[in-house]
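Chemist: I'd like to go over a predicted model; first the sequence, then the structure.
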Amino acid sequence: MLREFIVEYKDGIVASLQGFLVLHKLDRPESSQTAETKNPAKTAIFKQTVLENRRRKNLEKNALTSAQKEVRKKVTTLQRVFMCAAINIVSVLVVLLLTYLINLLKYSFLSAFIKYFGSLLLLPIFLTVRLLSTLWFADIASSALKYRGLSSSKIPDLSRAASDFIHAIFVELVFLTQALAIIGLDVPFLSSFFGFIYMSLLHSLYSFDYYWMSSGISMNTRLAMIERRWPFHLGFGTLLTAATSVSENFVINGCIFGALFPFFIVSSFLTDIPDSKRTSDAVPPVHFYYLAQTLTNKISVAIFSRHIC
């Protein structure tokens, strides 16, 4: 059992790094499309006069030039990721600068002003960064989907899709609260150990949500997939959890998450999770999300008089 767990955990860590290696390839044009456009021209070239041939070449040149200009105008996935990382890194630097100024002037009359002004300034900056990052995350996920040659599933029923989306938000919020509560218990080693496990599983769920939602997989099924292959998903979320635990400042950790998360989104689209039969007997599933699902159902019954999903 221990050997299978270690193998699964290692596979998850390795899988989480794939996005860093192929990110620059996501926007490469398909070579097959170029070949398809050239082959029909070859079959008809001998039937054309010199004037027609020259006119055709001019039209192709103009079309190619306009297509190249259109590609240049379009923001590539790599640029989108760097933009996402840049605004989050700048936000971290702003937080560090404000903290430095507050400590530097803590005995000055300006200390209170900088502290309150910084707090008022930080909130809209953080919200704006999170909003932009969320929009860019969706674009990056779409590019990763195209890179895999996959297409989204059929458009689902809107009410069902909205219900599943709300259900996902509630479950993830409750699970996040549960993880933070475990960390806040401040029991030596145990609180940080189990808190790390919960946050790693949550980060893995965040990463795979884009792929699974585009495939039309419901939230209950997504949670079951996480619990059934929890050693793999624990490994997948380990690096992101470790990176977002370097600071005690919530804003800084949030910005680090925003800078790194796009890579893990891409990794989730490139990952082929091994067949569960290999370790289903050796490493049994653990229902980490049971409490979050139960509380979410109770909340939905209290608010909507029915289960959300």
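Modeler: On my side now, so go ahead.

Chemist: Test my guess that residue 245 contacts residue 256.
Modeler: No: using Cβ atoms under 8 Å as the test, residue 245 is too far from residue 256 to be in contact (9.1 Å). Using the backbone N, CA and C atoms, a C-beta is placed for each residue, glycine as well.

Chemist: Give me the more crowded residue out of these two.
Modeler: residue 256 (21 against 15; other Cβ atoms under 10 Å).

Chemist: Setting aside sequence neighbours, what's the nearest residue to residue 12?
Modeler: With Cβ to Cβ, 6 or more residues apart in numbering as the criterion, residue 12 has its nearest non-adjacent residue at 2.5 Å, and that residue is residue 235.

Chemist: what residues does whichever strand or helix holds the one you found touch?
Modeler: Using DSSP states H and E, residue 235 sits in helix 230-243. For helix 230-243, contacts defined as Cβ atoms under 8 Å, 6 or more residues apart in numbering pick out 4-5, 8-17, 196-197, 199-205, 207-208, 226, 256-257, 260-261, 264, 267-268, 271, 273-274, 279, 283, 285-286, 288.

Chemist: One more pass at 6 Å, please.
Modeler: Contact with helix 230-243 is made by 5, 8-9, 11-13, 15-16, 196, 199-201, 203-204, 226, 256, 260, 264, 283, 286, as judged by Cβ atoms under 6 Å, 6 or more residues apart in numbering.

Chemist: Can you mark which positions in it are buried?
Modeler: By 16 or more other Cβ atoms under 10 Å, the buried positions in helix 230-243 come out as 230, 231, 232, 233, 234, 235, 236, 237, 238, 239, 240, 241.

Chemist: worst-scoring helix or strand of this structure, pLDDT-wise?
Modeler: helix 31-44 (a mean of 45; mean pLDDT, DSSP states H and E).

Chemist: Give me the helices and strands touching the helix or strand hosting residue 294, please.
Modeler: Using DSSP H and E, the element containing residue 294 is helix 290-304. Under the contact criterion of 3 or more Cβ pairs under 6 Å, 6 or more residues apart in numbering; DSSP states H and E, helix 290-304 touches helix 158-184.

Chemist: circling back to that earlier point, how near is the residue nearest to residue 12 to residue 1?
Modeler: Taking Cβ to Cβ, to the nearest Å as the measure, residue 235 falls 16 Å from residue 1.

Chemist: go on, residue 19?
Modeler: With Cβ to Cβ as the criterion, residue 19 and residue 1 are 30 Å apart.

Chemist: Please identify which of those two sits among more neighbours.
Modeler: Per other Cβ under 10 Å, whichever of residue 19 and residue 1 has more neighbours is residue 19, with 25 against 10.

Chemist: where's the more buried one, which helix or strand?
Modeler: In this structure, residue 19 sits in helix 18-22 according to DSSP H and E.

Chemist: need the buried residues of helix 230-243 in TSV with pLDDT and distance to residue 180, can you?
Modeler: Shown next, in TSV, are these (pLDDT from 0 to 100; distance: Cβ to Cβ, whole Å):
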residue	pLDDT	distance to residue 180
230	94	20
231	94	23
232	95	24
233	96	19
234	96	18
235	96	22
236	96	21
237	96	16
238	97	18
239	96	20
240	95	16
241	96	13
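
Chemist: Now for residue 303, how many residues are close by?
Modeler: Look at residue 303: counted by other Cβ under 10 Å, it has 10 neighbours.

Chemist: Ignore what I typed, I meant residue 89.
Modeler: Each residue near residue 89 was counted by other Cβ under 10 Å, and the total is 14.

Chemist: so where do the helices sit in the chain?
Modeler: 2-16, 18-22, 31-44, 50-73, 77-104, 110-147, 158-184, 190-214, 219-228, 230-243, 250-270, 290-304 (DSSP state H).

Chemist: Pick out the shakiest of those helices, pLDDT-wise.
Modeler: When those are ranked by mean pLDDT, helix 31-44 comes last with a mean of 45.

Chemist: Without its sequence neighbours, what residue ends up closest to residue 84?
Modeler: Counting by Cβ to Cβ, 6+ apart, residue 84 lies nearest to residue 136, which is 4.9 Å off, once chain neighbours are set aside.

Chemist: Burial check on residue 254, number of neighbours?
Modeler: Residue 254 has 20 nearby residues by other Cβ under 10 Å.

Chemist: For residue 261, see how far away it is.
Modeler: Distance check for residue 254 against residue 261: by Cβ to Cβ, it reads 10 Å.

Chemist: now swap in residue 105 and tell me
Modeler: Distance, residue 105 to residue 261, by Cβ to Cβ: 34 Å.

Chemist: In terms of neighbours, single out the busier of the two.
Modeler: Between residue 105 and residue 261, counted using other Cβ under 10 Å, residue 261 has the larger neighbour count: 26 against 15.

Chemist: That's all I had, so thanks and see you.
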